[in-house]
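1. Sequence first, then the predicted structure, then my questions.
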Amino acid sequence: MAEITRERIPNGPAAAAILSSGVGSATIGLMTTGAVISGGLNSALNWWSPAGPLTGKTGVGVIAWLVTWIVLHILWKDKDVPLVRVFVVTLVLLALGLLLTFPPFFEAFE
Amino acid sequence: MTLFTVREAWTLVHGILFGGGFLLAFTGGLALLYNLKADLLTTAGARRHVRWLKLATLVMAALAWLAVLSGTYISYPWYRATPPEGTTDLTPYPRAYLKADPSLAFWHTFGMEWKEHIAWFAPLLATAVAFVVWRYGEHLARDNRLRRALIVLFVLAFAAAGIAGLLGALVTKAAPVL
């Protein structure tokens, strides 16, 4: 097993991919609760009427995910970053996304 | 005799083929990721292991995307279609059917409302896992911290897809898309 490569690869690209998944999920949550609070935002997120505002909520989330990933990847591609800290922030963002998409939570703002 | 309507067939493709495929593949992918340890594998074994892991994570990410895209853009419009004024039989309009019956409304206000949003977490997380596996390959066998982080994300992707899948099945049982 000693032959398995010991060459070190910077963890920046992995951290960028991990953190951006949290950003995308939290953004979907923000859009979901935001659309309940603001009728204007709800209308603005209605990108395709047959599927309604779900298209905009998830579309904005996917855009935020991709933009964050590309920017962080460029910034971190040759760097080592504190992975544990990045991972903890990702979990916090995922928890936020979970809370903001949980119906009993966002229905409280109706 | 028609076994399934077009809508039912698409709902099956969305829920069983794409969503169910993702959930079924999870156990294999998790086992591959968990066992990718330098002290357990020979060099040739690690290479073979990583090839399977790359395939598994790529297929799972693709299935997760296909599930949410087909759900949002094919099945969901049928679910949320507004019945014409004066319609008395609401069964072809699942959302309206559920909301009209207080004993069933929960399946829309909680079930579908949570499912349609949380499902989208799965492809984001599964894509992150697949990217890292493809980028780092055999290096993951020596980087336990990164590998463990991927395992957590992988499990969370499964949990999101599992919640969405379960709620989808229950909502469809209460009000099928016909």
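-> Okay, I see it. In this text the structure is predicted, and so the values were computed from the model without any measurement. Residues are numbered from 1 along each chain as shown, chains lettered A, B, ... in the order given.
2. Residue ranges in the chain under the pLDDT threshold?
-> Went with chain A since none was named. Along chain A, the model assigns pLDDT under 70 to residues A:1-6.
3. that answer is for a different chain, and I need it for chain B
-> For chain B (pLDDT under 70), the answer is B:1.
4. nearest residue to the spatially most central residue of chain A other than its sequence neighbours?
-> The centroid of chain A falls nearest to A:Gly24 when counting by Cα atoms, centre = their mean (1.7 Å). Leaving aside its chain neighbours, A:Gly24 sits nearest to A:Trp65 (2.8 Å; criterion: Cβ to Cβ, 6 or more residues apart in numbering or on different chains). The way it works is simple: take the backbone N, C-alpha and C, and place the C-beta from them, glycine included.
5. Please report the distance of the residue sitting furthest away from the middle of chain B from B:Leu30.
-> Largest separation from the mean C-alpha position in chain B: B:Gly86, at 36.6 Å (Cα atoms, centre = their mean). Going from B:Gly86 to B:Leu30 by Cβ to Cβ, to the nearest Å gives 52 Å.
6. ok now do B:Gly21, which residues does it touch?
-> B:59, B:63 (Cβ atoms under 8 Å, 6 or more residues apart in numbering or on different chains).
7. Next one: the residue lying closest to A:Trp76 once chain neighbours are set aside from chain B, what distance?
-> Closest residue to A:Trp76 apart from its sequence neighbours, by Cβ to Cβ, 6+ apart: A:Gly12 at 3.0 Å. Separation of A:Gly12 from chain B (Cβ to the nearest Cβ, to the nearest Å): 11 Å.
8. quick one, what contacts A:Gly12?
-> A:Gly12 neighbours (Cβ under 8 Å, 6+ apart): A:72-73, A:75-81.
9. Does the longest helix belonging to chain B reach chain A?
-> As assigned by DSSP state H, the longest helix anywhere in chain B is helix B:144-174. Yes: using Cβ under 8 Å from any Cβ of the partner chain, a contact is recorded between helix B:144-174 and chain A, made by B:145-146, B:149, B:152-153, B:156.
10. could you dump the residues you listed to CSV with neighbour count?
-> As requested, the residues of helix B:144-174 next to chain A are exported to CSV (neighbours: other Cβ atoms under 10 Å in any protein chain shown):
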residue, neighbour count
B:Arg145, 11
B:Leu146, 20
B:Ala149, 24
B:Val152, 16
B:Leu153, 24
B:Leu156, 22
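11. and which of the residues you listed is nearest chain A?
-> B:Ala149 (4.9 Å; Cβ to the nearest Cβ).
12. Go ahead and confirm that closest one touches A:Leu83.
-> Yes: applying Cβ atoms under 8 Å, one finds B:Ala149 in contact with A:Leu83, separated by 6.8 Å.
13. Would you mark the buried spots in the helix or strand harbouring B:Gly45?
-> B:Gly45 belongs to helix B:43-70 when assigned by DSSP states H and E. The neighbour-count check on helix B:43-70 (16 or more other Cβ atoms under 10 Å in any protein chain shown) flags B:46, B:49-50, B:53, B:56-68, B:70 as buried.
14. list the contacts for B:Lys54?
-> B:130, B:133-134, B:137.
15. biggest helix in chain A, by residue count?
-> helix A:12-37.
16. hmm, the following helix or strand past that helix touching chain B?
-> Scanning forward in sequence from helix A:12-37 by DSSP H and E, the next helix or strand is helix A:39-44. No: judged by Cβ under 8 Å from any Cβ, helix A:39-44 stays clear of chain B, getting no closer than 13.5 Å.
17. list the buried ones in helix A:39-44?
-> Going by 16+ other Cβ under 10 Å, helix A:39-44 has these buried residues: A:41-42.
18. So B:Pro83 sits against B:Leu90, correct?
-> Yes: between B:Pro83 and B:Leu90 there is a contact under Cβ under 8 Å: 5.9 Å.
19. which residues are in contact with both of the two?
-> By Cβ under 8 Å, 6+ apart, B:Pro83 and B:Leu90 have these common neighbours: B:Ala96.
20. From the contacts of B:Lys54, which land in helices?
-> Using DSSP H, the contacts of B:Lys54 in helices are B:130, B:133-134.
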